[in-house]
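*Asks:* Generate coordinates for the sequence data below:
(chains A and B)
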Amino acid sequence: MERLTRLTAALLRAAEPVLPSEHRAWAQALRTEAAEVPAGRDRLAWLAGGIRFTLRAAVLNRGLGYPLVFAAVVVGTAWTAWSGPPGDSAIVINRVDVIAISVILAGLPWAIRRAYGSVAHSRSARMIRTAGYAAILLLVLVKAAVERVADAPPNNLAGSAVAWTGEIMFLAVMACYAAAILAWTAGRSPVRLATVMTGGTIGVALGTLVYLLGPLGFPLRFTGWWPTHLYDAGIALGVLLALCAPVATGLAATRRACGSMPAASRVRQGAMAGLYTGLAAALVVAILSTITIALLPYDDGLRNWAVSHIGQWTPAVGQAAPVVGARLGYVAGNSAFAAGYLVVLLLSPLAGCGLGAVAGRAASQVDPSSSSR
Amino acid sequence: MGHRSGFSAQTLAVLAELAATPSRWRHGYGIARDTGLQSGTLYPVLIRLASRGLVEASWEDEQPSGRPRRHLYRLTPDGLATATAALAQARSADPVQPGPRARDRRRAAARAVQWSG
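*Replies:* Just a heads-up that it's a prediction; the model follows:
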C-alpha cells in the first residue's frame, strides 16, 4: 500500500506540467495536502482523486486530449502497418513511412505555432485540423496495405530505388499538406477560415465525384453505344467541374474579401481557396482510390474488373514482366497509385491555386473598390 | 444533477461548509473530510467557485514546522451572499433525483441543507 501511495504521488507530481498553468497551483495544493491525510487507504484515495482531477483538467482544457487521441491513432496505424515478414523491402518502407509521418505530424504543430500562433479559437479550425490529420493517417494506412503486397517480392517490378524515391516524395508532399492545414487554421493565418472551409467542402465533394466517375470508383462495364457515350459525357462533365470548382471557390473567396482587403490580398484569398479545393479533392481521390486498390485481392468482382480495366492504364507494367491474376490488379493498382495519385497529390493543389488566383484577379479587377486601394 | 440554485449538491455542500465559518481560512483536506467529498470532486468545485470570484485562495504565509504549507480557501463577500441565497433555495428544493452515484449526491445535499439551517 505504501509503495502504491508513493507511486501515485510521483505520478501526480509528474503529471502537473500537462495541466494548464492556472490549474497547477491547485494540483500542487492537492498533492501537498496528501501529507495530512491518514496514511494507507485514505491517502491513496486522496492521491487517486488528484490523478482523476489532473487528467480531467488536462483533457477538458485540450492540453492533453488531442495529443492523447493523436498518439492512440498513430499507435493503431503503426500496429496495422507494421506487420509483415522481416527483410521484405515493402515492410521496411511501410515502417519508415509510419515513423516518419508520425514525427512530421507531431512536430509540425510546434513549428507552425511559432510562425502563425496556436490554433484559431474556432470549432471549425479544430475540425479542419482533425479531419486533415485523420485523412493523412488514413492514406498512410491504406497505402501501407497496398504496398505490403504490391512492393513485396515477386511483385516489386519497379525496384527498391524507385520505391524509395516515391516514398520520399510522398512524405514530402504529406508534410506540405499537413503544414498547409495547420498554417491556415492557426490564429495568425493569412487566409480566412471561411475561405478554407469553402475550399475544403467543395474540394471534398469534387474529390468524391472524381473518384466515382473515375475507373476505380465505377466498376461497371458498359457495352452499348448509348451507355458508353453517356459515361464519357459524365467524365467530360466531371473534368469541367474539376476545372470550375477552384475557379468558383476563388471567386467566392475574393468577393467575400472585397471591401476589407487590398487587391493583392484578395487575389491571395482566391488563390488559397483554389489551392485548398485542390488539396482536399486530391486527398479524397487518393484515399478512396487507394482503399479500392487495397480491397482488390479480397473482392473477386473488383479484381476481375481490374484485370480488364486498370491493366490498360499501365501497359508498361505488362511489358516488363508477365503479370497475371490477382497480381495484375495489385501491380497495376500500385503503379497507378505511385505514378498517378502522387502526381494528383502534387499537382492538384497547384492547379487549384493557379485557377483560384486567375479567378481572384478577375474578380478583383471587376470590383470597383479595388481601384481606390 | 443541478439544484434550482444552479449549483450541484457537491458545490452546495462546499458552500455550506465554507459559509459555516466565513471568516476562517479552510484547507482542502479539512473541507473534504467534513463534506465527505473525494479530492477529485472537491478540487474542481473549488476551482469553479474561485474562477467565479466566490472563493478566494491563498497559500499560508509562513512555513509551519512539521508539515508543508497549506493552500487555504474562504468565501469572498460575494461568495457568502451567493452561498446564503443558494442554500436558502436548496432548503426548499425538490428531493434529489435517483441516478448514478445518487447516494453521494443525497448525502452531500442533505449535509448542505442541514448546515445551511
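*Asks:* residue boundaries of the helices in the stretch 51-200 of chain A?
*Replies:* A:65-82, A:89-116, A:123-150, A:160-184, A:193-213 (DSSP state H, counting those that start in this stretch).
*Asks:* Dump the ones you listed into JSON lines; add distance to A:Ala248, mean pLDDT and mean neighbour count as well.
*Replies:* For every residue, glycine as well, the C-beta is placed using N, CA and C. Converted to JSON lines, the helices of the stretch 51-200 of chain A look like this (distance: least, Cβ to Cβ, whole Å; pLDDT from 0 to 100; neighbours: other Cβ atoms under 10 Å in any protein chain shown):
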{"stretch": "helix A:65-82", "distance to A:Ala248": "33", "mean pLDDT": "79", "mean neighbour count": "15"}
{"stretch": "helix A:89-116", "distance to A:Ala248": "27", "mean pLDDT": "86", "mean neighbour count": "17"}
{"stretch": "helix A:123-150", "distance to A:Ala248": "19", "mean pLDDT": "85", "mean neighbour count": "20"}
{"stretch": "helix A:160-184", "distance to A:Ala248": "19", "mean pLDDT": "87", "mean neighbour count": "18"}
{"stretch": "helix A:193-213", "distance to A:Ala248": "7", "mean pLDDT": "88", "mean neighbour count": "21"}
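*Asks:* residues contacting A:Leu108?
*Replies:* A:175, A:178-179, A:182 (Cβ atoms under 8 Å, 6 or more residues apart in numbering or on different chains).
*Asks:* Flag every residue of chain A that's near chain B.
*Replies:* Within chain A, the positions near chain B by Cβ under 8 Å from any Cβ of the partner chain are A:23, A:25-30, A:32-33, A:35-37, A:45-53, A:56-57.
*Asks:* Among the residues you listed, which are located in helices?
*Replies:* Counting by DSSP state H, the residues of chain A next to chain B place A:23, A:25-30, A:32-33, A:45-53, A:56-57 in helices.
*Asks:* I'd like to know which of those residues are buried.
*Replies:* By neighbour count, with 16 or more other Cβ atoms under 10 Å in any protein chain shown, those hold A:23, A:26-30, A:32-33, A:45-53, A:57 as buried.
*Asks:* center of chain B, which residue is that?
*Replies:* Most central in chain B under Cα atoms, centre = their mean is B:Val14, positioned 1.0 Å from the mean C-alpha point.
*Asks:* ugh, typo on my part, it should be chain A
*Replies:* A:Ile136 (2.4 Å).
*Asks:* Now do the contacts for the nearest residue to A:Ala281 once chain neighbours are set aside.
*Replies:* Closest residue in space to A:Ala281, ignoring its immediate chain neighbours: A:Gly207 at 3.8 Å, by Cβ to Cβ, 6 or more residues apart in numbering or on different chains. Counting by Cβ under 8 Å, 6+ apart, A:Gly207 touches A:280-285, A:288.
*Asks:* Dump these into JSON lines; add secondary structure, pLDDT and neighbour count as well.
*Replies:* Formatted as JSON lines, these follow (DSSP: H, G, I helix; E, B strand; the rest coil; pLDDT from 0 to 100; neighbours: other Cβ atoms under 10 Å in any protein chain shown):
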{"residue": "A:Ala280", "secondary structure": "helix", "pLDDT": "94", "neighbour count": "29"}
{"residue": "A:Ala281", "secondary structure": "helix", "pLDDT": "92", "neighbour count": "30"}
{"residue": "A:Ala282", "secondary structure": "helix", "pLDDT": "92", "neighbour count": "28"}
{"residue": "A:Leu283", "secondary structure": "helix", "pLDDT": "93", "neighbour count": "27"}
{"residue": "A:Val284", "secondary structure": "helix", "pLDDT": "93", "neighbour count": "21"}
{"residue": "A:Val285", "secondary structure": "helix", "pLDDT": "89", "neighbour count": "26"}
{"residue": "A:Leu288", "secondary structure": "helix", "pLDDT": "88", "neighbour count": "19"}
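*Asks:* The residue lying closest to B:His27 once chain neighbours are set aside: neighbour count?
*Replies:* Spatially, and ignoring its direct neighbours in sequence, B:His27 is nearest to B:Arg70 (4.3 Å; Cβ to Cβ, 6+ apart). Neighbours of B:Arg70 under the rule other Cβ atoms under 10 Å in any protein chain shown: 21.
*Asks:* is it true that B:Arg70 touches A:Glu33?
*Replies:* Yes - shown here, B:Arg70 and A:Glu33 form a contact pair, counting by Cβ atoms under 8 Å, at 6.7 Å.
*Asks:* Could you pull out the residues contacting both of the two?
*Replies:* By Cβ under 8 Å, 6+ apart, B:Arg70 and A:Glu33 have these common neighbours: B:27-28.
*Asks:* From the contact counts, what lies against the helix or strand where A:Pro349 lies?
*Replies:* Assessed by DSSP states H and E, A:Pro349 sits inside helix A:342-366. The contact analysis (3 or more Cβ pairs under 8 Å, 6 or more residues apart in numbering or on different chains; DSSP states H and E) places helix A:342-366 against helix A:160-184, helix A:193-213, helix A:225-257, helix A:263-295.
*Asks:* Tell me the secondary structure at the most far-flung residue of chain B relative to its centre.
*Replies:* What lies farthest from the middle of chain B is B:Ser65; by Cα atoms, centre = their mean that is 28.1 Å. Secondary structure, DSSP: H, G, I helix; E, B strand; the rest coil: B:Ser65 is coil.
*Asks:* cool, and the one 4 residues further on?
*Replies:* In the three-state summary, B:Arg69 is assigned as coil, counting by three-state DSSP.
*Asks:* show me the contacts for it.
*Replies:* A:32, B:59-60, B:62-63.
*Asks:* Not counting sequence-adjacent ones, nearest residue to it?
*Replies:* Ranked by Cβ to Cβ, 6+ apart and with sequence neighbours excluded, the top spatial neighbour of B:Arg69 is B:Glu60, at 4.4 Å.
*Asks:* picking that back up, could you flag which of the contacts of B:Arg69 are buried?
*Replies:* The buried subset of those (16+ other Cβ under 10 Å) comprises A:Thr32.
*Asks:* Check the contacts of B:Arg69 and tell me the two furthest apart.
*Replies:* Checked with Cβ to Cβ, the contacts of B:Arg69 reach their widest spread between A:Thr32 and B:Glu62, with 14.8 Å between them.
*Asks:* mind checking how far B:Leu87 is from chain A?
*Replies:* As judged by Cβ to the nearest Cβ, to the nearest Å, B:Leu87 and chain A stand 24 Å apart.
*Asks:* Run a quick neighbour tally on that residue.
*Replies:* 22.
*Asks:* Can you check my assumption that it lies in a helix?
*Replies:* Yes - counting by three-state DSSP, B:Leu87 falls inside a helix.
*Asks:* So it is in contact with B:Val14, correct?
*Replies:* No - if you go by Cβ under 8 Å, B:Leu87 and B:Val14 don't touch, sitting 11.1 Å apart.
*Asks:* Identify the contacts common to those two.
*Replies:* With Cβ under 8 Å, 6+ apart as the test, B:Leu87 and B:Val14 reach no residue in common.
*Asks:* now the closest residue to A:Val196 other than its chain neighbours: how far from A:Arg3?
*Replies:* Leaving out its chain neighbours, the residue that sits closest to A:Val196 by Cβ to Cβ, 6+ apart is A:Trp184, at 4.8 Å. Using Cβ to Cβ, to the nearest Å, A:Trp184 is found at 50 Å from A:Arg3.
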